[in-house]
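J.: got a predicted structure here, sequence first:
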Amino acid sequence: LSHFHHEMHVRQLAAATSGITILFKPVGTAALLRCIQEIMQPATEWVSSIDEDKQEEHLRVRQQLYGAKILLVEDNSINQQVAVELLEEVGMTVRVANHGAKAVQFINTHAEVFDLVLMDIQMPLMDGYTATRLLRNNPGNQDLPIVAMTAHALSEDRDKCLAVGMNDHLPKPIERTKLYEMLLRWIVRREGLGQPVDSIASSHFTDHNTAHYVPSMPGINTQEALQRLGGNHKLLRSILKEFYQTFANAEDNIRQAIAINKPEDIQTVVDILHTIRGVAGNFGAQRLSRTVAELEREIKDTQTGSPELLSQFSLAMQEVLNAVRHLVAEEKGRESTDNQDVSDEILDKVAIAATMKVLAKRLMIKKMNAEDAYEELKSLLSGAPLEIKNSVKELGHHIDSLSFRLALEHLAQLYRLLDIPMDESQQ
């Protein structure tokens, strides 16, 4: 038991010493029970129990729905990663749309056929409600199952989803069992769906690669996350790393935007907090998720954040980021020299500079086709060092969320990383 909630030496002691776990005062009932469960039930038993449940579930879903085509309409890359992994695990084909307008384009314009649509509600450019209305206005889509995905769990939110033509409501964070139950309920059986039991390999079910193992960490309920993700340590590790890469500077950006206090900046803050709240639930960061929900509500109501709530957010955020930072450092220490970064001498800097110039112009006038220039830039930098590729990925997050000002600021950082001079018009 310790009062020193943020003393790194306490955490390091627990991480380095077998059989030790930490409870920070004041101790809540849930935290105490979780601590006892972790001590009394070894990790191997926990993983084994998940594996057994997972095998039964996968057999049932693959038997009936293997080969189904799903359209996932979701703007957040971490939520995309979780949903795609869980769907592909049971043999489904997934198409991703980053916003509602893209979903309408896929179905109404290009006449693509899907067995079911998973529709996020709060997205840039076009939200899930509007997209569903437009899809239902097309007579050919009347029988298409559309399931809402949202962190809002109130009955009025569910009623609103049904009123615009959605068939059902799946709460976030996504839970494997609830997702599969929803698919089994709404996907209409057709010829070509399903897989015989004797052809389903056991390799679909488990991944016992110890390099992917995610230990208990401060601020993160690992067992809860693994239960939600079907014991998939590799997926959990991946979303933790992406959270760290995406939101490492979120607190500074939020405080800066609140200080400026322009309406568009406040809306950006609300959007960032909404995203953090949603993805934190995916990996069991309940304290962070609750704190962010309170701060999000306050900023929506008052257009600012109180020092007390901002301080609570900072403590919860740093607890999670510090834990994941340790995980990332440990993984980097294991990396083989076979995976050394490629020298930037092979990069075509002339083509890169030209593409970055086009992207900067489109971001400055907030054009939606900035996405095309970004994809070209990403392709040109596919052989770049890891630091640059991570920077490109973060730039993509800002573009996907239509945060054009933040995207321009990040593009300027990318210019410096690549040692490419900017035109005066872009500065």
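T.: That came through fine.

J.: residue 323 versus the residue nearest in space to the middle of the chain, what's the distance?
T.: When the chain is reduced to its mean C-alpha position, the nearest residue by CA atoms, centre = their mean turns out to be residue 78, at 1.5 Å. Counting by CB to CB, to the nearest Å, the separation of residue 78 from residue 323 is 16 Å. (Each C-beta comes from the backbone N, C-alpha and C, glycine too.)

J.: what residues sit buried inside stretch 236-251?
T.: Across stretch 236-251, burial judged by 16 or more other CB atoms under 10 Å covers 236-240, 242-244, 246-247, 250-251.

J.: residues contacting that stretch, please?
T.: 77-78, 81-82, 212, 214, 220, 222, 225-226, 229, 272, 276, 279-280, 282-283, 313-314, 317-318, 320-321, 324-325, 327-328, 331, 390, 393-394, 397 (CB atoms under 8 Å, 6 or more residues apart in numbering).

J.: same check, this time on stretch 118-131
T.: 70-76, 79, 83, 98-101, 103-104, 132, 146-150, 152, 157, 160-161, 164, 166, 170, 271, 274, 368, 400-402.

J.: got a ChimeraX select line for the buried ones in the residues you listed?
T.: Per 16+ other CB under 10 Å, the buried members of the contacts of stretch 118-131 correspond to this ChimeraX selection:
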select :70,71,72,73,74,75,76,79,83,98,99,100,101,103,104,132,146,147,148,149,150,160,161,164,166,170,271,274,400,401,402
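
J.: from the contacts of stretch 118-131, which ones fall inside strands?
T.: 70-73, 146-150, 170 (DSSP state E).

J.: may I see those arranged in JSON lines, with pLDDT and distance to residue 190 as well?
T.: Below are these laid out as JSON lines (pLDDT from 0 to 100; distance: CB to CB, whole Å):
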{"residue": "70", "pLDDT": "97", "distance to residue 190": "14"}
{"residue": "71", "pLDDT": "97", "distance to residue 190": "16"}
{"residue": "72", "pLDDT": "97", "distance to residue 190": "20"}
{"residue": "73", "pLDDT": "97", "distance to residue 190": "22"}
{"residue": "146", "pLDDT": "98", "distance to residue 190": "17"}
{"residue": "147", "pLDDT": "97", "distance to residue 190": "18"}
{"residue": "148", "pLDDT": "96", "distance to residue 190": "23"}
{"residue": "149", "pLDDT": "93", "distance to residue 190": "23"}
{"residue": "150", "pLDDT": "85", "distance to residue 190": "28"}
{"residue": "170", "pLDDT": "92", "distance to residue 190": "22"}
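
J.: any regions of the stretch 101-250 of the chain where pLDDT drops low?
T.: In the predicted model of the stretch 101-250 of the chain, residues 152-154, 197-211 satisfy pLDDT under 70.

J.: what about the helices in it?
T.: Under the criterion DSSP state H, counting those that start in this stretch, the stretch 101-250 of the chain contains helices at 128-136, 155-163, 176-186, 222-228, 233-247, 250-260.

J.: adding distance to residue 65, write the ones you listed out as a markdown table.
T.: Converted to a markdown table, the helices of the stretch 101-250 of the chain look like this (distance: least, CB to CB, whole Å):
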| stretch | distance to residue 65 |
| --- | --- |
| helix 128-136 | 21 |
| helix 155-163 | 22 |
| helix 176-186 | 6 |
| helix 222-228 | 20 |
| helix 233-247 | 20 |
| helix 250-260 | 37 |
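
J.: for residue 296, find the nearest of the ones you listed.
T.: helix 250-260 (10.5 Å; CB to CB).
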